[in-house]
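Participant: Sequence and predicted model, in that order:
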There are 2 protein chains.
Amino acid sequence: MDENQEELEQHFQQLRTELHQNQLQDFREHFLDLHVYDQGQFYQGLSADERHLVYAYLSPDELADMFDVIEEDDEHVEEYLTEMRPRYAAEMLSQMYTDNAVDLLNELDKKLVPQFLSYMDSEHANEIRELLHYEDETAGSLMTTEYVSIVANQTMRSAMYVLKSEAELAETIYYTYVVNNDNQLVGVISLRDLIINDEDAMVADVMSERVISVHVGDDQEDVAQTFRDYDFLALPVTDYEDHLLGIVTVDDIIDVIDDEAASDYSGLAGVNVDEISENPLKAASRRLPWLITLLFLGMTTATLINHYEALVSKASILAVFISLITGTAGNAGTQSLAVAVRRLAISDDEDKSFGQLILSEILTGLVTGLVTGVTIFVIVGIWKSNFILGFVIGTAMMAAITVANLAGSFIPMLMEKLGFDPAVASGPFITTLSDLTSVLIYFNIASMFMDRFIN
Amino acid sequence: MDENQEELEQHFQQLRTELHQNQLQDFREHFLDLHVYDQGQFYQGLSADERHLVYAYLSPDELADMFDVIEEDDEHVEEYLTEMRPRYAAEMLSQMYTDNAVDLLNELDKKLVPQFLSYMDSEHANEIRELLHYEDETAGSLMTTEYVSIVANQTMRSAMYVLKSEAELAETIYYTYVVNNDNQLVGVISLRDLIINDEDAMVADVMSERVISVHVGDDQEDVAQTFRDYDFLALPVTDYEDHLLGIVTVDDIIDVIDDEAASDYSGLAGVNVDEISENPLKAASRRLPWLITLLFLGMTTATLINHYEALVSKASILAVFISLITGTAGNAGTQSLAVAVRRLAISDDEDKSFGQLILSEILTGLVTGLVTGVTIFVIVGIWKSNFILGFVIGTAMMAAITVANLAGSFIPMLMEKLGFDPAVASGPFITTLSDLTSVLIYFNIASMFMDRFIN
């Protein structure tokens, strides 16, 4: 890929020169020869002045293909659209796939949207308006209306004719959806079917009637799971009476999978990893809310230890093991949390009761706690020649780990039950919470055996 | 989807009855009517005895389509293949897409593979043997050899003819690759191009010569990134002299993206979240290695605190803030780690030097540390009416956070430089390491001001 990259850089340099020297024809030819993604890379590297030249050299239609690829990832989208003449921008939006145009418009200040829509012809404007209404992160918000649909009562030849005439505008032509007179989805034909079957065969005989579809209100994670399971390139979206409303294509699903993964990862780390900014001040301002919140939660742990200060001043050896116990329990809680979040995300074992899953996690906690507790019992017993102290540390460790495991699994499951995304349950939150319970357990056990382990 | 699920369950029940009552024709008709993914769901729910009936009722070819979907996810793959007659299994493997057959064979005991290959015709066996050689997690290990390629010097009509004849066997027919006489990749035509262009046009005139391809040795993450960027459904794979070797399809890339996300998530949590087992003993045995390793690392922190025990017995108030400082620094380190891992995964800013990135992270640490430190200075100062103690805690907090940020970003970047996957840098490892540095900083600062904050 590296030689490609270099070649591309040269190409970009040449395009820039052509732009500056008003070589309209050369620029157009060389620019349109690029893959749309590379066009986007070039465009995004330009200054505002250079971009204005691009708007003069290219038609809205030509720019639309490129904007289909740029879509929401770029933080400058609003700048791009507002620097174009409104009529040009509206025309370009009309020429984009509806789902991508909607994604762009969703990035804009809400007040700007009606202006762009007012410049469009009513058909495009209405399609966009409709899609703008769907709730974020549902099948409806992902779908586009550029699909090919036919009725069953025709030959493959005539179906192919319809397909050819719509091929240029459709986002995918690899599936043709078959609907009845009421626009209800009744079948699907892949382009492969169209190509390999006899031209005189009837669509009704060839089509697959077991169409897998998603509902317009389905969560995007469920839609992604259906894509994973069935390896589709596109899925039809219907309302609750099977009327075909649109399709979701696999490229949008890849974005969904990436977004979901990033948000799970962010949740576990207690920081939004996707807003990557190079500016340390901005980065700090993103991280501080969580840190300060957790600092206050941590203060309750400090207050708790403060309560036991008399104990510590009598047996300062207790201070030695605070961070070991809180740290290990925190590690166990983080593991438990990650496993629980993952299990909730991928499995459909709704049949397994809440209680069973929690019980299984408590048992896991007991086993890991037992092994870890015995290990530290032996280490401390030998190190300090004091097996009663070892017993105190070991028992506290075991109890703290079990409780941390319980918290790590219970909290995300509770969130799921309450309808929140369990992935938001953050690792740092669990470790800070587990610090509190661990300290409580530790000092209570220690005070019980106080007279025994002080030599 | 829920009504579908119920309908499917009834269907499965019926299939089972037909299987038991030897209704060969009915079973075949109803089974083959299912989507291959659902066929797999049914098959995976059967007992060994029932599966033997399936092997009697279905041809290897019919079963192959289903096994294309089951592939590596199922832990019982070895059981399935070894319970079939070897010749039946070999025939089924031949009929699968080569990449999927290779994935299956990679799940087996290495000793079993030659037997299966020996029953195949030499063409299939050689194709599989070749793909088995590619290193795991490279483009080569993902690719399949079932693609359609043509030469440029022909009309669209004749290209379409070739495509139709190969359509049934190819894994994707949506791109046709154009090669020269030396099998070097020179162009690509999408099926859309084939359909909308004039039948008499020459392939050479219509094809796109800017083919984006990947090298056979490219890392799967880079391949996935190319799919993300360009929204392709398939990508050609070449050797280093542009010879076309195979294609990678988007369904395999979705698996790659899922696997990479799960492994990043696992790394951050210090547990392999993908081996989900319901058995608490097994779960514990997966988690213990990390926990025990970190316990030993944590012991060094305990030893360090032990070293300062005299200090603690003089000023037991110091014990109150140990977990607050280690916990908060650990949280900051985890944030820093997650951001660094994510940045390394998605960005190509190789131009930014190692030093710059580290510097930016130290600055972020200083800012977050300063804000957090001042906050805790005020809280402790007021709470304990002792601003010198507050100053000690605040300064220690600030320094500990800065060091944790440094460690959280430096460690994954170092791993990347050394050629390891930075995502393996685990959150619990960073927090446990940061416990050590935090305690060291804390007690050193405390001992400096010892005489001042004890009233």
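Facilitator: Received it, and whenever you're ready, just let me know what you need.

Participant: residues in contact with the closest residue to chain B within the stretch 101-250 of chain A?
Facilitator: Relative to chain B, the nearest point of the stretch 101-250 of chain A is A:D231 (4.1 Å; C-beta to the nearest C-beta). All C-beta atoms are positioned from the backbone trio N, CA, C, and that covers glycine. Taking C-beta atoms under 8 Å, 6 or more residues apart in numbering or on different chains as the contact definition, A:D231 lies against B:37, B:69, B:251.

Participant: Can you tell me the closest non-neighbouring residue to the last one?
Facilitator: Right, B:D251. Distances taken as C-beta to C-beta, 6 or more residues apart in numbering or on different chains put A:D231 closest to B:D251, at 4.1 Å, once the chain neighbours are dropped.

Participant: which bits of the stretch 101-250 of chain A sit near chain B?
Facilitator: Contact residues (C-beta under 8 Å from any C-beta of the partner chain) of the stretch 101-250 of chain A with chain B: A:160, A:163-164, A:167-168, A:173-174, A:191-192, A:195-196, A:210, A:212, A:214-215, A:218, A:222, A:226-231, A:233, A:250.

Participant: Can you show me the CA trace of stretch A:405-414 as CSV?
Facilitator: The C-alpha coordinates for stretch A:405-414 follow below in CSV (Å, rounded to 0.1, in the frame of the first residue of the first chain):
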residue,chain,number,x,y,z
ASN,A,405,-17.1,-9.9,41.2
LEU,A,406,-20.6,-9.5,42.3
ALA,A,407,-20.6,-5.8,41.7
GLY,A,408,-18.8,-6.2,38.4
SER,A,409,-21.5,-8.4,37.1
PHE,A,410,-24.5,-7.1,38.9
ILE,A,411,-24.2,-3.5,37.9
PRO,A,412,-24.1,-4.0,34.1
MET,A,413,-26.9,-6.6,34.4
LEU,A,414,-29.0,-4.2,36.4
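
Participant: got a list of contacts for that stretch?
Facilitator: For stretch A:405-414, the external contacting residues (C-beta under 8 Å, 6+ apart) are A:332-337, A:339-341, A:344, A:354, A:357-358, A:361-362, A:364-365, A:368-369, A:422-423, A:425, A:430, A:433-434, A:437.

Participant: Out of these, which sit inside strands?
Facilitator: With strands taken from DSSP state E, there is no overlap with those.

Participant: Buried among those residues? Make that a PyMOL selection.
Facilitator: With 16 or more other C-beta atoms under 10 Å in any protein chain shown as the burial test, the buried ones among the contacts of stretch A:405-414 are selected in PyMOL as follows:
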select buried, chain A and resi 332+333+334+335+336+337+339+340+341+344+357+358+361+362+364+365+368+369+422+423+425+430+433+434+437
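
Participant: Which members of the contacts of stretch A:405-414 additionally contact chain B?
Facilitator: Applying C-beta under 8 Å from any C-beta to the contacts of stretch A:405-414, those adjacent to chain B are A:332, A:334-335, A:337, A:339, A:341, A:361, A:364, A:368.

Participant: and of these, the nearest to A:Q10?
Facilitator: Checking those against A:Q10 with C-beta to C-beta, the nearest one is A:V341 at 46.6 Å.

Participant: did I read that right, A:I247 in a strand?
Facilitator: Yes: the assignment for A:I247 is a strand, going by DSSP: H, G, I helix; E, B strand; the rest coil.

Participant: and it, what are its bridge partners?
Facilitator: A:T144, A:P236 (DSSP bridges).

Participant: What is the burial count for it?
Facilitator: Neighbourhood size, A:I247 [other C-beta atoms under 10 Å in any protein chain shown]: 29.

Participant: Please verify my assumption that it contacts A:L233.
Facilitator: No: using C-beta atoms under 8 Å, A:I247 is not in contact with A:L233, being 9.8 Å away.

Participant: any shared contact partners between the two?
Facilitator: Shared contacts of A:I247 and A:L233 (C-beta under 8 Å, 6+ apart): A:172, A:175.

Participant: Neighbours of A:W290, how many?
Facilitator: By other C-beta under 10 Å, 20 other residues sit near A:W290.

Participant: for whatever residue of the stretch 1-150 of chain A ends up closest to chain B, helix, strand, or coil?
Facilitator: Of all residues in the stretch 1-150 of chain A, A:Y37 sits closest to chain B, at 4.8 Å by C-beta to the nearest C-beta. Here A:Y37 is recorded as helix under three-state DSSP.
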